[in-house]
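K.L.:
Make a model of this:
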Amino acid sequence: MTAEEAAKPVEVLYVEDNPADAEAVRQMLRGEDHGRFALRCVQRLEEAIELLQGKTFEVVLLDLSLPDSNGLEAFTTLHDRHPSQPIVILTGLDDESLSFAAFRQGAQDYLVKGEFDRRLLTTVLRYAIARKQIERERRESEEALRNFQKFEAIGRLAGGVAHDFNNLLTVINGRAELALDAPTLEDERHSVQEILDAGRRAATLVHQLLAFSRQQVLAPRSVDLNSLILDVLPLVRVLLGEDIEVRTELAPSLGVVKVDPAQFEQILMNLAANSRDAMPDGGVFTVRTVDAHVDEVRARLYKSVTAGPHVRMMVGDTGSGMDEATRARIFEPFFSTKKFGEGTGLGLATVYGIVKQSGGHIWVESEPGRGARFDIYLPHVASPRLEAPAAPSAVAAAGGKETVLLVEDEPSARSLFKAVLERYGYTVLEAENGETALERAEAHRASGTLDLLVTDLVMPRLSGRQVAERVRDLWPGVAVLYVSGYSREAVLQDGRLDPDSQFLGKPFGPEDLARKVRKVLESRHERARPAASR
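P.N.:
Predicted coordinates:
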């Protein structure tokens, strides 16, 4: 609680038709707690209900004997109209069972007139406020847990869908690329190019699904978040247009965080696109950063965030805002408030996935007509040393004369990979499953060499990893390249892949396959050379 919040008086609404009783309570709250309570009195229940329509009080003192309502009905009427409002029963009735019935139905506490003093009154008022806050936080925690479980389930589904699409897109895009390289008529080239363009757009959608399900491959490094924001701001301004003002409030000397710079750029661009759509007539887009500490209470409350020092990035707008029903679904993939065909519904789902995969947490606050604010928390890194971006690899897509054992259970993908490898000069032994692969590897021992095993990682009966282990028993020096429609992150997490294994994620193009195969084989040849010749 800030000093300003501590100094602010507690606003109390007292519903009491007896002026003497109202004055007695007023005098009690003026005592040693002078200035800490602000009392507003009304005499009828109807006045209280109308007043609460436009103003929130921290607690309501309610007499159960009023001119327009009497007994338990007074409480139930007020509670039904304003269920989130803390209510303390204050009555002169010599029947505590009535007050206790109200307590069981949702009243925070009750007091009997003539049987309390200033100290008890102020204690009960503060307890009522605290108890309501605890109930609210419990509901928020339960809602956060439900959302977390829902997003986990959707994420698993999205990852599975992405795997199947990646297999299909590898074949579609790969065949289209091969067709473009072959002699063909110009109108046919145009059609093939459109197929390839559509396939690449589909691959982008799959990439966004993997981002949501936290199964994409990230290249995180320790960075200063302010520098990344300043780097991407020119693109943000172009995206937003001239009628939206961009403001930044970047705190100096931020703690270091670890993120993938390219993915962070996507976070900011997606949030900016969301704000642009919410401000068709212009407005203000704001980015703020500040160091923040997440305490143990908040960490336990929201489950998926860790306690400790964080950088907090706040991205807000002055747009149309969202109602509660929309806020509850904005991170779901394919959920969109736009007209059909105007968006994929993956923008904020992608943001959610990248933030989660980066070890962070995201909250949103918004009300209709009052804009929206996204709060992103990213944990400080243990060793605050900034890292430069890694230099890109420059391995050419060259061919070779080596022998490759290709294992792929999807016929169309296997046919494509074989065609690509043979085009680059390799001798290819193909197998549709693990058992056939072992038979081919055994049979080939008498007739030649085996340099590389290219195998799908996830297959029925024998997995790619099991095939590799048994092929290496037959050919100890063979190199292994795993391919899969699942991301590297996903297969690392479930133990199907060792961190030092060579891996190529689908969808990939013919040149990607050729380049990766050449790189793996060159590494094998390098290891095989005698030390003196290196």
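K.L.:
all helices for the stretch 101-250 of the chain, in order.
P.N.:
118-181, 186-212, 225-240 (DSSP state H, counting those that start in this stretch).
K.L.:
can I get the CA coordinates of the shortest one in CSV?
P.N.:
Think helix 225-240. C-alpha atoms of helix 225-240 as CSV (Å, rounded to 0.1, in the frame of the first residue of the first chain):
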residue,chain,number,x,y,z
LEU,A,225,14.5,-4.2,-22.9
ASN,A,226,14.6,-0.4,-23.4
SER,A,227,17.0,-0.8,-26.3
LEU,A,228,14.8,-3.4,-28.0
ILE,A,229,11.7,-1.1,-27.6
LEU,A,230,13.6,1.8,-29.1
ASP,A,231,14.7,-0.4,-32.0
VAL,A,232,11.2,-1.5,-32.9
LEU,A,233,9.4,1.9,-32.3
PRO,A,234,9.9,3.2,-35.9
LEU,A,235,8.1,0.1,-37.2
VAL,A,236,5.4,0.5,-34.5
ARG,A,237,4.8,4.2,-35.6
VAL,A,238,4.4,3.1,-39.2
LEU,A,239,2.0,0.4,-38.2
LEU,A,240,-0.2,2.7,-36.1
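K.L.:
helices or strands up against that helix?
P.N.:
Here helix 225-240 touches strand 244-250, strand 257-259, helix 261-278, strand 283-294, strand 308-317, going by 3 or more CB pairs under 8 Å, 6 or more residues apart in numbering; DSSP states H and E. In this view, the C-beta of every residue, glycine as well, is placed from N, C-alpha and C.
K.L.:
tell me what the longest one is packed against?
P.N.:
In terms of contacts (3+ CB pairs under 8 Å, 6+ apart), helix 261-278 is packed against strand 221-223, helix 225-240, strand 283-294, strand 308-317, helix 347-357, strand 372-379.
K.L.:
Would you point to the one among the helices and strands packed on helix 225-240 that's packed deepest?
P.N.:
strand 257-259 (a mean of 24; mean count of other CB atoms under 10 Å).
K.L.:
now for that one, which elements pack on it?
P.N.:
Where contact means 3+ CB pairs under 8 Å, 6+ apart, strand 257-259 is packed against strand 221-223, helix 225-240, strand 372-379.
K.L.:
if we go to 10 Å?
P.N.:
Helices and strands touching strand 257-259, by 3 or more CB pairs under 10 Å, 6 or more residues apart in numbering; DSSP states H and E, are strand 221-223, helix 225-240, helix 261-278, strand 308-317, helix 347-357, strand 372-379.
K.L.:
what's the following helix or strand after the fifth one?
P.N.:
Spelled out, that is helix 347-357. Going down the chain from helix 347-357, the next helix or strand is strand 361-366, by DSSP states H and E.
K.L.:
So what are the sheet partners of that following strand and their directions?
P.N.:
Paired neighbours of strand 361-366 in the sheet (DSSP bridges): strand 372-379 (antiparallel).
K.L.:
What's the first helix or strand after the partner strand?
P.N.:
strand 403-407.
K.L.:
Please identify the buried residues of that next one?
P.N.:
By neighbour count with 16 or more other CB atoms under 10 Å, strand 403-407 contains the buried residues 403-407.
K.L.:
tell me the angle the following helix or strand past that strand makes with strand 403-407.
P.N.:
The C-terminal neighbour of strand 403-407 among helices and strands, as given by DSSP H and E, is helix 411-423. Here helix 411-423 runs at an angle of 170 degrees relative to strand 403-407 (axes from the mean of the first three to the mean of the last three CA atoms, to 10 degrees).
K.L.:
when you give positions from now on, start the count at 7
P.N.:
All set: I'll call the first residue 7, so the last point we hit is now helix 417-429.
K.L.:
Give me the buried stretch members for helix 417-429, please.
P.N.:
For helix 417-429, by 16+ other CB under 10 Å, it's 419-420, 422-424, 426-427.
K.L.:
Now do whatever helix or strand comes next after that helix: which elements does it pack against?
P.N.:
Using DSSP H and E, the helix or strand that follows helix 417-429 in sequence is strand 433-437. Here strand 433-437 touches strand 409-413, helix 417-429, helix 440-449, strand 458-462, going by 3+ CB pairs under 10 Å, 6+ apart.
K.L.:
Are there helices or strands packed against the first one, and which ones?
P.N.:
Read that as strand 409-413. The contact analysis (3+ CB pairs under 10 Å, 6+ apart) places strand 409-413 against helix 417-429, strand 433-437, helix 440-449, strand 458-462, helix 470-480, strand 485-490.
K.L.:
Minimum distance to D237: which of the ones you listed has it?
P.N.:
D237 sits nearest to strand 485-490 of all these, at 32.9 Å, using CB to CB.
K.L.:
Adjacent strands (with direction) for that closest one?
P.N.:
Sheet pairing of strand 485-490 (DSSP bridges) gives strand 458-462 (parallel), strand 508-511 (parallel).
K.L.:
Name the spans of the stretch 207-356 of the chain whose pLDDT lies under the cut-off.
P.N.:
207-225, 303-310, 339-352 (pLDDT under 70).
K.L.:
before we move on, back to that, out of the helices of the stretch 107-256 of the chain, which gets the lowest mean score?
P.N.:
Mean pLDDT is lowest for helix 192-218 among the helices of the stretch 107-256 of the chain, at a mean of 61.
K.L.:
Which neighbouring elements make contact with the one helix or strand Q33 maps to?
P.N.:
Using DSSP H and E, Q33 falls within helix 25-36. Counting contacts by 3+ CB pairs under 10 Å, 6+ apart, helix 25-36 packs against strand 16-21, strand 43-48, strand 65-68, helix 124-187.
K.L.:
Can you pull up the most central residue in this structure?
P.N.:
Y358 (2.1 Å; CA atoms, centre = their mean).
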